[in-house]
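Novice: here are the coordinates; sequence isn't available:
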């Protein structure tokens, strides 16, 4: 499958990774959620993280944002090490936009106030220019008519697009999406994915946790399949989806692509042992 | 049958406005001071520091479980034994503030718990400092959820101010006893004082609703106060 959305930055991108993960380990009490995670993200790349639930995909994004302590390894963003309780964490977070499954818009503020709050209070932009920029972003996410609405008055899809505008208002170097469409009604999913596709086409660096395989295939430059706290397979999405090398990947792909895919699947998934054979 | 006769009280009514003002003034001061204390104690309760959490918890548990009268006696009559002497008014204000702050803390703490953790995370993920997160994202939401129980506590402060009489403060209850003592019309003055308190608290309630309407324009509020 062709990668028709290659980002414009790609040529210059290959030297300096924007995000570098080295041997990351994350535990919650006695449970090790991420056992070993190492990979790099180049500027302009759209990396899609897929895999069964509970394999540490969302937790990983939270670690990158310093919302979780890590127990081993290193996360290096733009050459700086990310540490949850370090003083530089707020500076790093300004450069990373985070989109949550449940939007997490500020309910006491209108859409436009949601977008301008951090630029004004954190980046010290003037309220006027922040508002102007917010309206620009609303046009981009096609919500200019909803600027003065409160989150409680908006549909899930609209709220998520406001959340995307809110993250973009900080001009982040990396956008992270934590299952951005999982909490949405099916009919609003498309609007959000369309906006994300545009961002990818602009050459933005994106890290996306999703179960939308068609989107991952179409927009992703690279797909990481995570299972059991490891990256089991890493490659172009079309490769992982059409020709998975690992049994676990194959099993997962068959299960998410459902009937049609399961029927033309290369292996009978019931015969595949659930352990991670490749490692 | 008791003969209800109000005119005996009339000659003393002119002293009532001054007493009423003392009640209102001490209530407003204690409400403001205890609100500020309550916000900080509630945030301390959520701190990463064990010491701050311990201070806040101990404060609330000690003060909340001590009758206001006992606290007032401790400050007004107990502290002078250690050479710390406050006037009656200041003693009353301190007692009322300290007592109310314990309840305010619990009100704001409940409001803080009600804010989803995603709100903290979204604000943090935008690079906001802790102070900015609380000031612009968390506290406005706490204020909204705490607003109804807060009104309850304001009325509690007004009721509590009636005990200040024992620290020689000339507020409405003091007027009531003094007027009763010279006219022997206790029942009548009790009724008058009761009506005065009712009016004061209703005024406070109306003010609360009006301020609330101005404060919370968000549709999420649903127009319920």
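Specialist: Okay, I see it. Bear in mind the structure is a predicted one, so any value in this text is a computation, not a measurement.

Novice: what pLDDT does the residue nearest to the spatial centre of chain B get?
Specialist: Closest residue to the average C-alpha location of chain B: residue B:157 at 3.5 Å, with CA atoms, centre = their mean. The model reports residue B:157 with a pLDDT of 96.

Novice: hang on, isn't it packed against residue B:30?
Specialist: Yes: here residue B:157 reaches residue B:30: they are 5.2 Å apart, a contact under CB atoms under 8 Å. No exception for glycine: its C-beta is placed from N, CA and C like everyone else's.

Novice: Which neighbours do these two have in common?
Specialist: Residues touching both residue B:157 and residue B:30 by CB atoms under 8 Å, 6 or more residues apart in numbering or on different chains: B:96, B:100.

Novice: Which residue ranges of the stretch 101-250 of chain A form strands?
Specialist: When assigned using DSSP state E, counting those that start in this stretch, the strands of the stretch 101-250 of chain A occupy the ranges A:174-178, A:205-209, A:222-227, A:230-235.

Novice: what mean pLDDT does the last one have?
Specialist: Mean pLDDT, taken over the full extent of strand A:230-235, equals 91.

Novice: before we move on, what about the second one?
Specialist: Confidence for strand A:205-209, expressed as mean pLDDT, is 96.

Novice: Likewise for the third one?
Specialist: The predicted model gives strand A:222-227 an average pLDDT of 93.

Novice: Mind listing the strands that strand pairs with, and their directions?
Specialist: Using DSSP bridges, strand A:222-227 pairs in its sheet with strand A:46-50 (parallel), strand A:230-235 (antiparallel).

Novice: Run through who's touching the last one.
Specialist: I take that to be strand A:230-235. So strand A:230-235 is in contact with A:35-39, A:51, A:222-226, A:240, A:244-246, A:248-249, A:276, A:278-279, going by CB under 8 Å, 6+ apart.

Novice: in it, what's buried?
Specialist: Buried residues in strand A:230-235, counted by 16 or more other CB atoms under 10 Å in any protein chain shown: A:230-233, A:235.

Novice: Helices of the chain, residue ranges please.
Specialist: With no chain named, the answer covers chain A. Read by DSSP state H, chain A holds these helices, from start to end of the chain: A:10-13, A:57-64, A:89-94, A:111-121, A:127-140, A:156-168, A:186-201, A:213-219, A:237-242, A:247-264.

Novice: Please refer instead to chain B.
Specialist: Under the criterion DSSP H, helices of chain B are mapped to B:16-45, B:50-64, B:68-73, B:88-114, B:117-125, B:130-132, B:139-160, B:172-183, B:186-215.

Novice: Nearest to residue A:205, out of those helices?
Specialist: helix B:117-125 (16.1 Å; CB to CB).

Novice: Can you pull out the low-pLDDT segments for the chain?
Specialist: Just so you know, I chose chain A. A:1-15, A:258-279 (pLDDT under 70).

Novice: You answered for a different chain; I wanted chain B.
Specialist: Within chain B, the set of residues satisfying pLDDT under 70 comprises B:217-225.

Novice: Return the residues of it in contact with chain A.
Specialist: Within chain B, the positions adjacent to chain A are B:116, B:118-119, B:121-129, B:132, B:136-137, B:140-141, B:144, B:216, B:218-220 by CB under 8 Å from any CB of the partner chain.

Novice: redo that, cut-off 10 Å
Specialist: Those residues of chain B that sit near chain A, judged by CB under 10 Å from any CB of the partner chain, are B:48, B:115-133, B:135-141, B:143-144, B:215-222.

Novice: and the residue of the stretch 151-279 of chain A nearest chain B?
Specialist: residue A:152 (4.0 Å; CB to the nearest CB).

Novice: I'd say that residue and residue A:111 touch.
Specialist: No: taking CB atoms under 10 Å as the contact criterion, residue A:152 and residue A:111 are not neighbours in contact, 11.0 Å apart.

Novice: The nearest residue to residue B:23 once chain neighbours are set aside: neighbour count?
Specialist: Counting by CB to CB, 6 or more residues apart in numbering or on different chains, the nearest residue to residue B:23 once its immediate chain neighbours are dropped is residue B:171, at 4.3 Å. Neighbouring residues of residue B:171 were enumerated by other CB atoms under 10 Å in any protein chain shown; the total is 24.

Novice: Please apply the same query to residue B:66.
Specialist: For residue B:66, the tally of surrounding residues (other CB under 10 Å) stands at 15.

Novice: Equivalent analysis for residue B:211, please.
Specialist: 13.

Novice: if I look at residue A:107, how far off is chain B?
Specialist: For residue A:107, the distance to chain B under the criterion CB to the nearest CB, to the nearest Å works out to 5 Å.

Novice: for the residue nearest the centre of chain A, what are its contacts?
Specialist: Note on chain A: the residue nearest the mean C-alpha position is residue A:208, at 2.3 Å, using CA atoms, centre = their mean. Residue A:208 makes contacts with A:46-50, A:57, A:61, A:99, A:175-180, A:196, A:200, A:215-216, A:219-220, A:223, as judged by CB atoms under 10 Å, 6 or more residues apart in numbering or on different chains.

Novice: cool, residue A:220 as well?
Specialist: Taking CB under 10 Å, 6+ apart as the definition of contact, the neighbours of residue A:220 are A:3, A:5, A:45-50, A:200, A:206, A:208, A:210, A:213, A:236-238, A:240-241.

Novice: try residue B:106
Specialist: Residues in contact with residue B:106, defined by CB under 10 Å, 6+ apart, are B:38, B:41-42, B:45, B:60, B:64, B:146, B:149, B:153.

Novice: same deal with residue A:172?
Specialist: Contact criterion CB under 10 Å, 6+ apart gives A:93-98, A:204-205, B:125-127 as the residues in contact with residue A:172.

Novice: Quick one: those as a markdown table, columns for distance to residue A:169 and neighbour count too.
Specialist: A markdown table is the format used below for the contacts of residue A:172 (distance: CB to CB, whole Å; neighbours: other CB atoms under 10 Å in any protein chain shown):
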| residue | distance to residue A:169 | neighbour count |
| --- | --- | --- |
| A:93 | 14 | 26 |
| A:94 | 11 | 20 |
| A:95 | 13 | 16 |
| A:96 | 13 | 27 |
| A:97 | 9 | 26 |
| A:98 | 13 | 27 |
| A:204 | 14 | 21 |
| A:205 | 17 | 26 |
| B:125 | 13 | 28 |
| B:126 | 9 | 27 |
| B:127 | 12 | 22 |
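
Novice: still on that earlier bit, isn't the residue nearest to the centre of chain B right up against residue B:95?
Specialist: No: using CB under 10 Å, residue B:157 makes no contact with residue B:95, being 11.2 Å away.

Novice: shared neighbours of the two, which are they?
Specialist: When CB under 10 Å, 6+ apart defines a contact, the residues bordering residue B:157 and residue B:95 alike are residue B:30.

Novice: returning to that earlier point: more neighbours: residue A:152 and residue A:111, which one.
Specialist: Set residue A:152 next to residue A:111 and count neighbours by other CB under 10 Å: residue A:111 wins out with 27 against 14.

Novice: Was I right to think that one contacts residue A:165?
Specialist: Yes: look at residue A:111 against residue A:165 with CB under 10 Å: they come within range, at 7.9 Å.

Novice: Can you work out which residues contact both of the two?
Specialist: Among the neighbours of residue A:111, those also in contact with residue A:165 (CB under 10 Å, 6+ apart) are A:134, A:138, A:143, A:147.

Novice: Can you name the two of these that sit furthest apart?
Specialist: A:134 and A:143 (10.2 Å).
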